[in-house]
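A.B. asks: Got a predicted structure here, sequence first:
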Amino acid sequence: MQLDPLKTSSYDFTLPEELIATHPVEPRDHARLLVYDRATDTITHSRFDKLETFLPENCGIIFNDTKVIKARLYGTKSSGGKVELLINELATERDALTNNSQRVSEALKGVGAASITTLKTSCWGIG
């Protein structure tokens, strides 16, 4: 049966309740790993501590250890348009880093001084 990768129904499957992880496995590298070999159309069940056996030689692995901080500010521009400012990282107590495509100065005006003051508490105070 050929599945259409663009239809969400192609990704429907039954997952038994007992197979849903409720806490991390210890040690962490013993987490389950499903390996699909496209060349042979086979599935292998393994563990993450065996990952290197499935990788080709001279393969690079990139580890992403970024953390998300809870600092999303909403406001309104002077024109009436909506503004959303997502803070990615606090550089200092008063300076923050963002990836917003809109002009940050306009966004900061839109969220208002009261929200900016709350930013420090929001970033560090929410667990």
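C.D. replies: Great, that's in hand. Residues are numbered from 1 along each chain as shown.
A.B. asks: CA only for contacts and neighbour counts going forward, please
C.D. replies: Noted.
A.B. asks: SS state for the nearest residue to S46 once chain neighbours are set aside?
C.D. replies: Among residues not flanking S46 along the chain, L33 sits closest, at 5.0 Å (CA to CA, 6 or more residues apart in numbering). Counting by DSSP: H, G, I helix; E, B strand; the rest coil, the backbone at L33 sits in strand.
A.B. asks: Mind naming the longest strand for the chain?
C.D. replies: Determined from DSSP state E, the single longest strand within the chain is strand 82-90.
A.B. asks: buried set for stretch 21-41?
C.D. replies: Using 16 or more other CA atoms under 10 Å as the test for burial, stretch 21-41 gives no buried residues.
A.B. asks: Do me a favour and get the end-to-end distance for that stretch?
C.D. replies: For stretch 21-41, the separation between the terminal residues is 26 Å (CA to CA, to the nearest Å).
A.B. asks: All further residue positions should be reported with the first residue as 222.
C.D. replies: That works, and once the first residue is 222, the last one we named lands at stretch 242-262.
A.B. asks: which residues sit against that stretch?
C.D. replies: Around stretch 242-262, the neighbours that count as contacts under CA atoms under 8 Å, 6 or more residues apart in numbering are T263, I264, T265, H266, S267, R268, F269, D270, L272, F275.
A.B. asks: and the longest strand of the chain, what does it pack onto?
C.D. replies: In terms of contacts (3 or more CA pairs under 8 Å, 6 or more residues apart in numbering; DSSP states H and E), strand 303-311 is packed against strand 293-297, strand 317-319, helix 325-346.
A.B. asks: quick one: D225 from D233, how far?
C.D. replies: In terms of CA to CA, D225 sits 12 Å off from D233.
A.B. asks: follow-up on the earlier one: state the pair within the contacts of stretch 242-262 that is farthest apart.
C.D. replies: T263 and D270 (20.1 Å; CA to CA).
A.B. asks: which one of the two has more residues nearby?
C.D. replies: D270 (14 against 9; other CA atoms under 10 Å).
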